[in-house]
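Student: I need the structure of the sequence given here:
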Amino acid sequence: MDHLTCLLAGLRARRSTASPKKRGFCESISPWIPASFCLYGLALAVAAGCSDRPSADARVSASRPESAAASGSSPSPVGNPESVDVKPSAAESGTAGTTTSAGGQAKTGPASDVPPPAPAEQAKKIRREPLFLGWPKPALALYITGRQYGYIEPCGCSGLTNQKGGLVRRYGCKRQLEQQGWQVVALDVGNQVRRFGRQAEIKFQMTAEGLKRMNYQAIGFGPDDLRLSAGELIAITADEGDSSSAFLCVNAAIIDRALMPRYRIIEAGGKKIGVTAVLGTEELAQITSDEIIKQPPEEALREVWPELEQKACDLYVLLAHASIEASTALVQKFSQFDIVVTAGGAGEPTFEAERIAGTGAVMVQVGTKGMYTGVIGLFDDPAQPLRYQRVPLDDRFPDSPEMLQLLASYQDQLKAAGLEGLGIKPIPYPTDRKFVGSEACLDCHEPEYKTWKKTTHAHALETLIHPGERSEVPRHFDPECLSCHVIGWNPQKYFPYVSGYLGVDETPLMHHVGCENCHGPGSAHVKVEEDGGPTEMLNKLREEVTLPLPEAEKKCMECHDLDNSPDFHEPGAFDRYWKKIEH
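Tutor: Below you'll find the predicted structure:
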């Protein structure tokens, strides 16, 4: 192990610049208990509206599903679910949203000269699902997260009020529970990033630091995590001195099996909990690096279970980065587990913890993009030892100063690296045309130019330099934000084209969202209009930069996607937004 010790030290220095079946935990839950709680919750709702205590057993919950854009009012101790009036940010009235397939951070907010939204848009009614309705204080609460996919915070382009998720709120939610005297054990099923490259490595490092500050006790891996460089992964996830890493996996390890714990034993709230994490067969196949040691999931669990069983835990938890079907199959074969947390499923997690047929176990989903956390309450109550609540990380939860500081550090690292340090280089546009900037359109298209100047598109970069929300964290060095706030970038792949934006001072003509974001690079069109040319050539190039209205909506959605502008995808939204920029 001496060579491994040296390897770890060097990497950290660089980074600093089948056994007898056990009785299921949930087998003792009476089938009449959920029905009685459902009636009890309904009576409370009718008699008193909604509670702002930590609320309802999701296994008996009848709360309506929320959309991905759901949100609420100002923070309260556990979140006030009443309908509230919410003012949208100026971004909702037209600024192009950033794309954040790997977790963009752009915040929008009006620059000083950005027109405010129309009075009719000033408020909207939003209803939030209540939380922990009827719960007594649990002996212990498991705080379940995963599948962050790089979304370390919501994009914010349509206003943080309209979006869920992020480390800042995740810590705020966990802290609120702890401040009420709850003992909380945080577990994460993995997949912190979705892309690879230097920015993804920095994001993984920042996320790992955030989870450490939040005192996560067990963290699994997703396949995208293990696509990052093995050196960076080891430096971030391995034990450091007397400090034990929370990262674990039963059937995958980085470089050396001895560097990665296969399970952890957690003692909290008077209970002993055995936790292991596993990658499914399909997820394992996505990992191609020869520096990742892999083992079939069933084989690995069969090896480790005798050790876990000897620990005589009160509760066994499996963090399964696998599909719902694969997660179910694993627990049916290893029915000693009481709870399986699955990375499977699409969109929002289910309202209820699901029983797994043929076992005493229940399964909970984590959803996608870190928009939700799940809370599993453990109670010293033989009749109902477990309750589950999905928790949308909306704006009822306060911003965590510690996580805001971490986000600022992340942006500082992107600034220090620069585009070149992040491995981002301009490539030629497919047609070889060059970008010339919106000013070049003024002479021939003065009415359209004047219309554009009055829109929030004409201030898009400013919303990154001086965000209207979480303004202490500028984001104009973040490629995932820049791609939809400047001219000459690919909006979904986060790289610049030759002649596109490279920096505030380096390329002043490429600031903001301009004509060429929709109409394409205009060098050839401008040149032939200025120098003259054959009529056939003039008409051809004019047609080339013409964007028919039926095609415009698709072009808008390259930036105004579901993550960044959920309202843009409502019926009739395009017609409503088009009126703001019609030209």
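Student: Compute the number of surrounding residues for Lys137.
Tutor: Lys137 is flanked by 13 other residues according to other CB atoms under 10 Å. Any C-beta I mention is one placed from the backbone N, CA and C, and that applies to glycine too.
Student: Next: Lys450.
Tutor: 11.
Student: From what I see, Thr368 and Gly222 are in contact.
Tutor: No: contact criterion CB atoms under 8 Å: Thr368 and Gly222 do not qualify, at 11.4 Å.
Student: Look at those two and report which has more neighbours.
Tutor: With neighbours defined as other CB under 10 Å, Thr368 and Gly222 compare such that Gly222 has more, 25 against 21.
Student: Find the nearest non-adjacent residue to that one, please.
Tutor: The shortest distance from Gly222 to any non-neighbouring residue, by CB to CB, 6 or more residues apart in numbering, is to Asn191 (2.4 Å).
Student: Next, the contact list for the one you found, please.
Tutor: Residues counted as contacts of Asn191 (CB atoms under 8 Å, 6 or more residues apart in numbering) are 146-149, 221-225, 321, 343.
Student: what do you get if the cut-off is 7 Å, keeping everything else the same?
Tutor: For Asn191, the contact set (CB atoms under 7 Å, 6 or more residues apart in numbering) comprises 146-149, 222, 224-225, 321, 343.
Student: Which of the residues you listed sits closest to Phe574?
Tutor: Minimum distance to Phe574 across the contacts of Asn191 is 26.7 Å, recorded for Tyr149 (CB to CB).
Student: neighbours around the closest residue to Val545 other than its chain neighbours, how many?
Tutor: Take Val545 and drop its neighbours on the chain: the residue closest to it by CB to CB, 6+ apart is His519, 4.5 Å away. For His519, the count of nearby residues is 16 (other CB under 10 Å).
Student: Hmm, His519 is touching Arg542, no?
Tutor: No: counting by CB atoms under 7 Å, Arg542 is not a contact partner of His519; they are 10.6 Å apart.
Student: Kindly provide the whole-number mean pLDDT of stretch 540-552.
Tutor: Mean pLDDT, stretch 540-552: 88.
Student: please renumber so the chain begins at 328
Tutor: Sure, I'll start counting at 328 from here, so that last one is stretch 867-879.
Student: returning to that earlier point: confirm the residue nearest to Gly549 sits in a helix?
Tutor: No: assessed with DSSP: H, G, I helix; E, B strand; the rest coil, Asn518 is coil; it does not lie in a helix.
Student: Tell me the pLDDT of it.
Tutor: For Asn518, the predicted pLDDT is 97.
Student: Any figure for the gap between it and Gly748?
Tutor: Relative to Gly748, Asn518 is positioned 25 Å away (criterion: CB to CB, to the nearest Å).
Student: again, but for Ile908
Tutor: Ile908 is 36 Å from Gly748, where distance means CB to CB.
Student: Neighbour count for the two, which is higher?
Tutor: Neighbour totals were compared for Ile908 and Gly748, and Ile908 leads with 19 against 13 (other CB under 10 Å).
Student: tell me the domain boundaries of this structure?
Tutor: 345-414+450-728, 751-908 (automatic domain parsing).
Student: Enumerate every residue touching Met533.
Tutor: Contacts here follow CB under 7 Å, 6+ apart; on that basis Met533 touches 479, 733, 736-737.
Student: Now the phi/psi pair for Pro823, please.
Tutor: Dihedral angles phi and psi of Pro823 (degrees, to the nearest 10) take the values phi -90, psi 150.
Student: ok, how many other residues are close to the nearest residue in space to it that is not next to it in sequence?
Tutor: With CB to CB, 6+ apart as the criterion, Pro823 has its nearest non-adjacent residue at 4.6 Å, and that residue is Pro753. When neighbours are counted by other CB under 10 Å, Pro753 registers 16.
Student: what does Leu586 give?
Tutor: Leu586 is flanked by 20 other residues according to other CB under 10 Å.
Student: And for His793?
Tutor: Neighbourhood size, His793 [other CB under 10 Å]: 16.
Student: name the element Val668 belongs to?
Tutor: Using DSSP states H and E, Val668 sits within strand 666-669.
Student: Pull up the pairing partners for that strand, direction included.
Tutor: strand 642-648 (parallel), strand 689-692 (parallel) (DSSP bridges).
Student: Rounded mean pLDDT for the longest one, please.
Tutor: Model confidence over strand 642-648, given as mean pLDDT, is 98.
Student: now could you export just the CA positions of that strand as CSV?
Tutor: Extracted in CSV, the C-alpha atoms of strand 642-648 (Å, rounded to 0.1, in the frame of the first residue of the first chain):
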residue,chain,number,x,y,z
LEU,A,642,-31.8,-1.8,9.7
TYR,A,643,-30.2,-2.6,6.3
VAL,A,644,-30.2,-0.1,3.5
LEU,A,645,-29.2,-0.7,-0.2
LEU,A,646,-28.3,2.3,-2.3
ALA,A,647,-28.9,0.9,-5.8
HIS,A,648,-27.8,2.9,-8.8
